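any chance you could fold what I've pasted below:
(chains A and B)
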Amino acid sequence: MKPGFNPFKFGEGVRRLVTRPGPDGIERLYKKAPSSDPKNINRNFRISNYYGGTAVADAIGCNLRCVFCWAINDLRSYSKITEKASFYSPSEVAAALENLIKEYGLKYARITEGEPTLDMDHLCGILENLRKSKERFTFILETNGLLLGRYPKLARQIADYDKKVKKDTSFLHVRVSIKGATPEKFRLLTFADAKYHDLQFAAIKNCADVGLSVHPTTMLDFVEAKHETDYLRNKLIDIDPSLIKDLEWERLFLEGYVIERLKKYRVPFKMVFREEGAEIWKKE
Amino acid sequence: MEEGVKKAIELLSEEETVKWILGLLATGAIGYAIERILRQYLKTPLILKTRWLKHKGKAHEYSGKRLMSDFWQDLLGDEYGLFPGADKIIEAHHFVTFKDVVVTDFVPRAPGFYYSKTLWNNPKLAPLSLGVIRVIPNEQTGSKRLLAIHKPSEFEAHWDMEKGVPIVVSREVYEKLGDDLQKTGVAHVQRITAIMSDVGDYSRELRMADIPSTFPVVREERFVKKGGDPVPIMGNAWVVYKTPKTSGFLNFRFWAGVDYHRDNLREAKKKLEKLIPPGGFALTDFDDKVRHWVDAPLRLSDAWKYLGLLGKKITTQRVKNLSDRAP
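Numbering: from 1, shown residues only, chains lettered A, B, ... in the order given. Presented below is the predicted three-dimensional model:
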């Protein structure tokens, strides 16, 4: 197996592209509401049906290059400010999310597409603003966990915001998206070096250690053999056996360009999808 | 008045007679009260009944973010893939209560797959878990309806309907939920109590080798307490198609629990249609309630014969035999 890239070096380069200093803290590049849903027209951010309804900000830029990512072209398309993307300060992001929560009675907010932890100053600025909100909601931190796994102090840092909010439900929940059940699959799916795979599990542990609500998720479509499920199960049980029950099996979204990339890089997947996919139907 | 009673009154003084009559009345009142209490106990207080059964380990309540995995663990026991050696707790005739869930008529076609040993031991079979079905009552099932319970959100982004629990309800229960199901495809329920029973002919619709056909059954509408807004949940529409040279299975996602769920289903159908290879046509689809492909020659039950053959060496000939029935 060829060594992969270093996601921390790559991520640092991406961070410089998608952030800039502003009068109100570090600003980050976000896509403007891309959905065709009428509710999202003329809005900077959007609402989505996931988690039963969430206020969503679409950040640009990630420290991985996942082969199945539907936002893989964002950096190329939006790295220059266009009508479809703009830099936002932490307070602007928080205010936009809060407005959507208030207007639609949503229970969750999140930053998706890009990696939210890429710039911790920006993320902490958002959390600081959101925690002061009078609305009752949970901020779901969707992350690949690499930075939270490598630097436990970052988990402590965001846990502080959770502790400051005294509500019945968690203010903050971390969803660690494990890219590939094994290090080999991690390398295949993300192009990053296999040695970084373990950091995703470390992120779960670091979050759990500081009392954050956390759960793991992985894509079922790329898990092929029993040794992979065994590896995943053992890693999670080592941290906390109850994580097995919280494991979220994600399913692949097969957009046209995702299929092209999967074919190009010869990534096996098992979604039944016409003849081009992993066909389980024998031809006559 | 009976002769004996008349004699008794004659033998008693006036005062004693009054006492005697009052005594009779009091006895009657106590009897009446006891009867009322007994009747009330047997009829109304389901809570008391479930509490009593719970005490005996025959009633189980599910709520919170692990609602689904808790239920499947209790139902499947050792067959549950996540914790080997788990006890099988739920048995036939036990009471199960689900709190704060949504009910929909989209039912996982392979219920329990995500929680079974099969997934962990043979993840290649995952495609078999894809897809929901929507069936309507027939001669065999009577007026009972096959629905499913889901627990959306609670930090799971991709809450697929495939993780739901099938549930059979009587017509009266269905009518209670019916309006909401029509409007958005889901009904939000604060509390639903069911008895674990064999789901009879509906078990034919649910395909998973190591899953028992014992699921919750609700016969009376008083066991259902509605409440709450509809919540979006994601389903997989699917179709089996045939071309002159091959057959295939396609799926596409749609949303229920939203006011545009019917349009969303229509869009899913259009997208699926575009994915059928040139010269191909739909053999059947997932939905008995709305026939998306009116010319599809096979019914949903026939589709199962197709899908049941997946992964078997005899597939080619048997699929051919089935396909030959199509024009």
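
so which residues of the stretch 1-150 of chain B form helices?
For the stretch 1-150 of chain B, helices defined by DSSP state H, counting those that start in this stretch occupy the ranges B:3-11, B:14-43, B:46-55, B:67-76, B:117-121.

same thing with the stretch 201-327 of chain B?
With DSSP H, counting those that start in this stretch as the criterion, the stretch 201-327 of chain B has helices spanning B:261-275, B:300-307, B:315-323.

go on, the stretch 51-200 of chain A?
A:74-78, A:90-104, A:120-131, A:146-150, A:152-164, A:183-190, A:197-209.

helices and strands around the third one, which ones?
Same thing as helix A:120-131. strand A:25-31, helix A:90-104, strand A:108-113, strand A:138-143, helix A:152-164 (3 or more Cβ pairs under 8 Å, 6 or more residues apart in numbering or on different chains; DSSP states H and E). (Each C-beta comes from the backbone N, C-alpha and C, glycine too.)

kindly report the same for the last one.
The helices and strands touching helix A:197-209, judged by 3+ Cβ pairs under 8 Å, 6+ apart, are helix A:146-150, helix A:152-164, strand A:172-178, helix A:183-190, strand A:213-219, helix A:226-239.

still on that earlier bit, closest to B:Gly178 out of the helices of the stretch 51-200 of chain A?
B:Gly178 sits nearest to helix A:90-104 of all the helices of the stretch 51-200 of chain A, at 26.3 Å, using Cβ to Cβ.

state the pLDDT value of A:Leu127.
Looking at A:Leu127, its pLDDT stands at 96.

quick one on the thing from earlier: worst average pLDDT in the helices of the stretch 201-327 of chain B?
helix B:315-323 (a mean of 44).

other residues contacting the helix or strand bottoming out on mean pLDDT in chain A?
Ranking every helix and strand in chain A by mean pLDDT, DSSP states H and E puts helix A:74-78 at the bottom, with a mean of 74. With contact meaning Cβ atoms under 8 Å, 6 or more residues apart in numbering or on different chains, helix A:74-78 is reached by A:14, A:17-18, A:29, A:31, A:58, A:60-62, A:84-85, A:113-114.

which bits of the stretch 101-250 of chain B sit near chain A?
With Cβ under 8 Å from any Cβ of the partner chain as the criterion, the stretch 101-250 of chain B comes near chain A at residues B:114, B:119-124, B:126-127, B:130, B:152-160, B:229, B:231-234, B:245-250.

what residue in the stretch 1-150 of chain A comes nearest to chain B?
A:Gly52 (3.2 Å; Cβ to the nearest Cβ).

pull out the buried positions in the longest strand along chain B.
Longest strand in chain B by number of residues (criterion: DSSP state E): strand B:186-198. Buried residues in strand B:186-198, defined by neighbour count with 16 or more other Cβ atoms under 10 Å in any protein chain shown: B:186-189, B:191-194, B:196-197.

equivalent analysis for stretch B:252-266, please.
Neighbour-count burial for stretch B:252-266 [16+ other Cβ under 10 Å]: B:252-258, B:261-262, B:264-265.

and what of stretch A:63-75?
Buried residues in stretch A:63-75 (16+ other Cβ under 10 Å): A:63-69, A:71-72, A:74-75.

same check on stretch A:149-158?
A:149, A:151-152, A:154-155, A:157-158.

again, but for stretch B:227-243
Buried, per 16+ other Cβ under 10 Å, within stretch B:227-243: B:230-243.

may I have it as CSV, with CA atoms only?
C-alpha atoms of stretch B:227-243 as CSV (Å, rounded to 0.1, in the frame of the first residue of the first chain):
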residue,chain,number,x,y,z
GLY,B,227,-49.3,14.0,19.4
GLY,B,228,-46.6,16.1,17.9
ASP,B,229,-45.6,17.4,14.5
PRO,B,230,-44.7,15.1,11.6
VAL,B,231,-40.9,14.4,11.5
PRO,B,232,-39.0,13.9,8.3
ILE,B,233,-37.7,10.4,7.7
MET,B,234,-36.0,8.9,4.7
GLY,B,235,-37.2,6.0,2.7
ASN,B,236,-35.8,4.0,-0.2
ALA,B,237,-38.1,3.6,-3.2
TRP,B,238,-37.1,0.7,-5.4
VAL,B,239,-38.0,-1.1,-8.6
VAL,B,240,-37.1,-4.4,-10.2
TYR,B,241,-36.7,-4.0,-14.0
LYS,B,242,-36.0,-6.3,-16.9
THR,B,243,-34.3,-5.8,-20.2
